[in-house]
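**Q** Need coordinates for the below:
(one chain, ligands or ions: 1)
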Amino acid sequence: MSRKRAVKDYQFGNCIGEGSYSKVYSAVDLHNRKTYAVKVLSKKHIVKEKKIKYVNIEKHTLNRLGNHPGIVQLYYTFQDDASLYFVIDFAEYGELLTIIRKYGSLNEHITRFYMAQILDAVEFMHSKGVIHRDLKPENILVNHHLRLMITDFGAAKLVGADTDADVIAPDTTIPGDESPRASSFVGTAEYVSPELLRHNQAGFECDIWALGCILYQFILGVPPFKGKTEYLTFEKIILLDYAFPPALYVPLRIKSLVGGLLRLDPLARLTIPEIKQHEFFRGADWADKKTIWGTKVP
Ligand code: ATP
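**A** Have a look, this model is predicted:
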């Protein structure tokens, strides 16, 4: 098998998604007959929108992460005059957000199954010195085995590397901030951590905060902090203003785990080993990578 690839090595199929500066296609590798997702980025567009930095971070991060079943794998990158191409794992079911929207919310069993997979991937990512900084159900893809794969590393921070994208753009208005920073917020308002809003700092703990938001969203169908505007969402985050609707029964073990993840002080949040030991995951065999919470994961 040749080590390099080019457009001619793929049979392109349907366009399966579109981002703000990319199109994603399904494509069959003519050498091994496997189907991949190929992300095509227009060079002109990337330069015009000043996204070169984010594209490079995504490439470097995926290369650093290599192969983990819970993280989209980058197999090849190549280019032609007009475009850059990223050949990655194909996730047949698309974004996890679509699944949550379809069912409204997820039951505890499925939530545990999905959270365990996400946690396993985040633990691996952190062990490689990568902070994702934009974890949310839109950035988690689902393949045909119901295997979750984290994607979209454009906002990632590689600890020890000189590739750091701004997380808050200079014109974002933050509650309590006397001097409104002058453009739009990079990342996603509902999942952003309080320390990032207050001090523009985002360490490994900001991914733990996002896990708390995701867990809440699995069970309730909506993220915990959601205001009518981005500013009001930020205000709720800074005040830790979230609640479980009294009319809905939510087991204490779930409330307790959400509470342990959504703590304003990043150092007070549960660590990954503590999350794994939490009552919510009782019985999970973390050593067995193929079986998470009694369900086979390919
Ligand atoms: P933006 O750049 O605006 O934040 P995005 O990050 O979602 O958008 P892409 O990563 O290019 O942009 O993805 C565009 C869409 O393509 C996604 O919304 C998703 O539905 C689909 N998609 C992306 N990667 C894959 C994949 N590996 N397998 C299947 N579908 C994918």
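**Q** all helices of the chain, in order?
**A** 43-48, 52-65, 96-103, 108-127, 194-199, 205-220, 230-238, 252-261, 272-277 (DSSP state H).
**Q** Check which residues of the third one are buried.
**A** By neighbour count with 16 or more other Cβ atoms under 10 Å, helix 96-103 contains the buried residues 96, 99-100. Just so you know, the C-beta spots here come from the backbone N, C-alpha and C atoms, and that holds for glycine as well.
**Q** Stretch 120-127 too?
**A** 120-126.
**Q** that older thread, present the buried residues of helix 96-103 as TSV; the columns should include pLDDT.
**A** Formatted as TSV, the buried residues of helix 96-103 follow (pLDDT from 0 to 100):
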residue	pLDDT
L96	96
I99	94
I100	96
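**Q** Which one of those is nearest to the ligand?
**A** Nearest to the ligand among those is L96, at 10.4 Å by Cβ to the nearest ligand atom.
**Q** show me the contacts for the closest one.
**A** If you count contacts by Cβ atoms under 8 Å, 6 or more residues apart in numbering, L96 has them with 114, 137-138, 140-142, 148.
**Q** wait, what's in contact with the residue of the stretch 51-200 of the chain found nearest the ligand?
**A** Relative to the ligand, the nearest point of the stretch 51-200 of the chain is A91 (3.7 Å; Cβ to the nearest ligand atom). A91 sits next to 37, 72, 141-143, 149, 151 when contact means Cβ under 8 Å, 6+ apart.
**Q** The same query, at a cut-off of 6 Å, please.
**A** 141-143, 149 (Cβ atoms under 6 Å, 6 or more residues apart in numbering).
**Q** repeat for F12
**A** Applying Cβ under 6 Å, 6+ apart, the residues contacting F12 are 25, 27.
**Q** so what's it bridging to?
**A** Beta-bridge partners of F12, counted by DSSP bridges, are A27.
**Q** Just the pLDDT for it.
**A** Here, the pLDDT recorded for F12 equals 97.
**Q** Pick the most deeply packed of the helices of the chain.
**A** Mean neighbours per residue, mean count of other Cβ atoms under 10 Å, is largest over the helices of the chain for helix 205-220, with a mean of 23.
**Q** tell me the average confidence for stretch 63-82?
**A** Taken as a whole, stretch 63-82 has an average pLDDT of 93.
**Q** Okay, buried residues for it please.
**A** 65, 68-72, 74, 76-78.
**Q** if we can go back for a sec, distance to the ligand added to the buried residues of helix 96-103, as a markdown table?
**A** As requested, those are arranged in a markdown table below (distance: Cβ to the nearest ligand atom, whole Å):
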| residue | distance to the ligand |
| --- | --- |
| L96 | 10 |
| I99 | 12 |
| I100 | 14 |
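**Q** can you tell me which of these lies nearest to V159?
**A** Taking Cβ to Cβ as the measure, V159 sits nearest to L96 out of the buried residues of helix 96-103, at 25.9 Å.
**Q** Of the contacts of L96, which ones also sit close to the ligand?
**A** By Cβ under 6 Å from any ligand atom, the members of those lying near the ligand are L141.
**Q** what's the farthest-apart pair in the contacts of L96?
**A** Y114 and E138 (14.3 Å).
**Q** quick one on the thing from earlier: quick one: which two of the buried residues of stretch 63-82 are the most distant?
**A** So, those by Cβ to Cβ: farthest apart are G70 and F78, at 25.6 Å.
**Q** Can you tell me how far the residue of the stretch 51-200 of the chain closest to the ligand is from Y36?
**A** Per Cβ to Cβ, to the nearest Å, A91 is found 11 Å from Y36.
**Q** Same question for F113.
**A** 26 Å.
**Q** The ligand contacts on the stretch 151-298 of the chain?
**A** Going by Cβ under 6 Å from any ligand atom, the residues of the stretch 151-298 of the chain near the ligand are 151-152.
**Q** which parts of the stretch 1-150 of the chain sit against the ligand?
**A** 16-20, 22, 24, 37, 39, 72, 88-91, 94-95, 141.
**Q** Now for G260: which residues touch it?
**A** G260 neighbours (Cβ under 6 Å, 6+ apart): L270.
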